[in-house]
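Participant: Coordinates only, no sequence provided:
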């Protein structure tokens, strides 16, 4: 009888202890605006997908939270050759891989994983090169396939990247999401099973959280990875609650169903600031919102048409109606907070009579019919794409251009734009590494204008391209600035975009959230966040 009582007492204590542990577990819910395209940041360029992958993976080097400063990660130190053409990384020892129901690692992170992660993107012969579509947009748009001369194992813990030419932003480039490191052992195991695509759907990494469950358009669940090499996450669990409607996200935040939310409606900011249960962080965005003309499709092959559209649309009206004081008019592709911004450039004036004259000179005295593609998602650089498209549509009608507003599901939208199916498409960009190269090359470089490339304008100007490529090879920032300033003049003269605005970025969260740092790159990171 005593044994039975002791057993009952012990079981009762265990159950109570488990309930107490569950109650005390710290779970932060982030109200996210969309679903990731997959769980491999090599394959994508969208912030939504990068956010979902950020908890899982690490890179050789990473940006210090809240800054553009590069710090050690899977490499604990490195050397750069005097000629700027080789970068030698010394790998951190004892880094553990996560696991899942189908795979348990037998070894720590090592140099094989580094070689695999870059050769997958670089080498056609790599068995994973074409897995999951094989569209390595960043790697290819930044011409890494031509920039890299070799990646060599110096010894078991040392890897050297040798370049064909100096590349000033190379170290910062390696801190970007596309340079995340995957497990070669996991890749080999999946290849043997005939399921290689699972590496991008059921990921394992070395990051602070591991994936538990994903329901598209609903939920992503993570738990803290106990074996993480760095500082342990203060949260036990992290949940992304996915909802496209910012009003729903705000309602959940107020009800404490989530503790951080993405991309609030600008009209809701006064109410958020007035709510004693909430806090609102903000900072100038390293971003640009734009309308891209497809420069490879008539009539947008004629710069007179592109300039006419620039003169026909009332930018101030868009800023007032949509950005509501949280944006400033854009005249350059890079934001004014970035070094090498050319403030001498004068934006196109609102001049519809001159726009009509240019259209007539180009052979369109009565205008023409076209389309405006409106993003289906909200971004700080474009808070309401459909509203902006409708305002543009009304303005273009005043100069005889009849524009139809169309849209698609976000993944489909991006795929179609990259293939160049559009005539005019709204998009935008938030910088990834704090360098002008990161705007000019992926958005306007010739390498990115190919079918499937990241450039929505499909613009390729050889003079512009030569300037930005040369600038990337120079170690001196003043010399690079001169070249980027010249490149911005060419871009303005050719008008491959209608540049809309650079915006302020806002992050609403509950008052009990501490330790959150806003990323200059618009990422949402939670490894150092705690709940009071």
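Facilitator: Here it is on my side, so go on. Note that the structure is predicted; figures quoted are calculated from it, not measured.
Participant: drop to CA atoms for contacts and neighbour counts, all remaining ones
Facilitator: Fine.
Participant: residue boundaries of the helices in the stretch 351-500 of the chain?
Facilitator: In order along the chain, the stretch 351-500 of the chain carries the following helices (DSSP state H, counting those that start in this stretch): 352-361, 385-397, 410-419, 437-444, 462-473, 477-494.
Participant: Tell me which of those helices sits nearest to residue 324.
Facilitator: Between residue 324 and those, the shortest gap by CA to CA is with helix 385-397, which sits at 12.5 Å.
Participant: just checking, what packs against the closest one?
Facilitator: The helices and strands touching helix 385-397, judged by 3 or more CA pairs under 8 Å, 6 or more residues apart in numbering; DSSP states H and E, are helix 303-312, strand 369-373, strand 402-406.
Participant: and that helix, which residues are buried?
Facilitator: When burial is assessed from 16 or more other CA atoms under 10 Å, helix 385-397 yields the following buried residues: 385, 386, 388, 389, 390, 391, 392, 393, 394, 395, 396, 397.
Participant: Just give the nearest non-adjacent residue to the last one, would you?
Facilitator: When you say that, I think you mean residue 397. Distances taken as CA to CA, 6 or more residues apart in numbering place residue 403 nearest to residue 397, at 7.5 Å, with adjacent residues excluded.
Participant: contacting residues around that neighbour?
Facilitator: 369, 370, 371, 372, 393, 396, 397 (CA atoms under 8 Å, 6 or more residues apart in numbering).
Participant: on that earlier part again, single out the most deeply packed of the helices of the stretch 351-500 of the chain.
Facilitator: With neighbours taken as mean count of other CA atoms under 10 Å, these reach their highest mean count in helix 437-444, at a mean of 24.
Participant: who touches that helix?
Facilitator: Helix 437-444 is contacted from outside by 138, 141-142, 169, 333-334, 429, 431-432, 447-448, 454-460, 468, 472, using CA under 8 Å, 6+ apart.
Participant: Low-confidence regions, the chain specifically.
Facilitator: Across the chain, residues meeting the criterion (pLDDT under 70) sit at 1-24.
Participant: related to what we said a few turns ago, look up how far residue 372 lies from the residue nearest to residue 397.
Facilitator: Separation of residue 403 from residue 372 (CA to CA, to the nearest Å): 6 Å.
Participant: Touching both of the two, which residues are there?
Facilitator: Common neighbours of residue 403 and residue 372 are listed as residue 393 (criterion: CA under 8 Å, 6+ apart).
Participant: Just give the closest residue to residue 278, not the sequence neighbours.
Facilitator: The nearest residue in space to residue 278 (CA to CA, 6+ apart) is residue 510, at 4.5 Å.
Participant: Hmm, residue 259 and the one you found touching each other?
Facilitator: Yes. Residue 510 is in contact with residue 259 according to CA atoms under 8 Å; the separation is 5.1 Å.
Participant: what number of residues lie near residue 245?
Facilitator: Around residue 245 sit 16 other residues, with neighbours defined as other CA atoms under 10 Å.
Participant: quick revisit: include distance to residue 243 when you put the contacts of residue 403 into CSV, please.
Facilitator: Listed next are the contacts of residue 403 as CSV, based on distance: CA to CA, whole Å:
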residue, distance to residue 243
369, 35
370, 32
371, 28
372, 25
393, 28
396, 33
397, 34
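Participant: Relative to residue 249, which of those is nearest.
Facilitator: Nearest to residue 249 among the contacts of residue 403, counting by CA to CA, is residue 372 at 27.8 Å.
Participant: tell me, how many neighbours does the closest one end up with?
Facilitator: 24.
Participant: Okay, and the beta partners of it?
Facilitator: Residue 372 has these beta-bridge partners by DSSP bridges: residue 405.
Participant: Provide a list of residues in contact with it.
Facilitator: Residue 372 is in contact with 389, 393, 403, 404, 405, 406, 422, 423, 424, 425, 426, counting by CA under 8 Å, 6+ apart.
Participant: What subset of those residues is buried?
Facilitator: With burial judged by 16+ other CA under 10 Å, the buried subset of these is 389, 393, 403, 405, 422, 423, 424, 425, 426.
Participant: isn't the first one right next to residue 374, touching?
Facilitator: In this case it means residue 389. Yes. Counting by CA under 8 Å, residue 389 does reach residue 374; the two are 6.1 Å apart.
Participant: so what sits against both of the two?
Facilitator: When contacts are counted by CA under 8 Å, 6+ apart, residue 389 and residue 374 have 405, 426 as shared neighbours.
Participant: May I have the phi/psi pair for residue 223?
Facilitator: Summarising the backbone geometry of residue 223 under the convention degrees, to the nearest 10, its torsions are phi -130, psi 150.
Participant: Report the beta-bridge partners for the nearest residue to it once chain neighbours are set aside.
Facilitator: With CA to CA, 6+ apart as the measure, residue 237 is the residue that lies nearest to residue 223, at 4.3 Å, once sequence neighbours are left out. The bridge-partner assignment for residue 237, based on DSSP bridges, gives residue 27, residue 223.
Participant: mind listing what residue 237 touches?
Facilitator: Counting by CA under 8 Å, 6+ apart, residue 237 has contacts 25, 26, 27, 28, 221, 222, 223, 224.
Participant: re earlier: measure the residue nearest to residue 397 to residue 495 for me?
Facilitator: Separation of residue 403 from residue 495 (CA to CA) stands at 19 Å.
Participant: Over to residue 81?
Facilitator: Distance, residue 81 to residue 495, by CA to CA: 39 Å.
Participant: So between those two, which is more surrounded?
Facilitator: Per other CA under 10 Å, whichever of residue 81 and residue 495 has more neighbours is residue 495, with 23 against 11.
Participant: check contacts around residue 334.
Facilitator: The neighbours of residue 334, taking CA under 8 Å, 6+ apart as the test, are 286, 287, 288, 341, 436, 439, 440.
Participant: ugh, typo on my part, it should be residue 336
Facilitator: Under the contact definition (CA under 8 Å, 6+ apart), the residues listed for residue 336 are residue 343.
Participant: Need the three-state assignment for it.
Facilitator: On the three-state scheme (DSSP: H, G, I helix; E, B strand; the rest coil), residue 336 is labelled coil.
Participant: Distance-wise, check it relative to residue 316.
Facilitator: In this structure, residue 336 and residue 316 are separated by 18 Å, where distance is defined by CA to CA.
Participant: hmm, back to that, right, and the pair among the contacts of residue 237 with maximum separation?
Facilitator: 25 and 221 (14.2 Å).
Participant: who has more neighbours, those two?
Facilitator: Between residue 25 and residue 221, counting by other CA under 10 Å, residue 221 is the more crowded of the two (18 against 12).
Participant: Can you list phi and psi of that one for me?
Facilitator: According to degrees, to the nearest 10, the main-chain angles of residue 221 amount to phi -110, psi 130.
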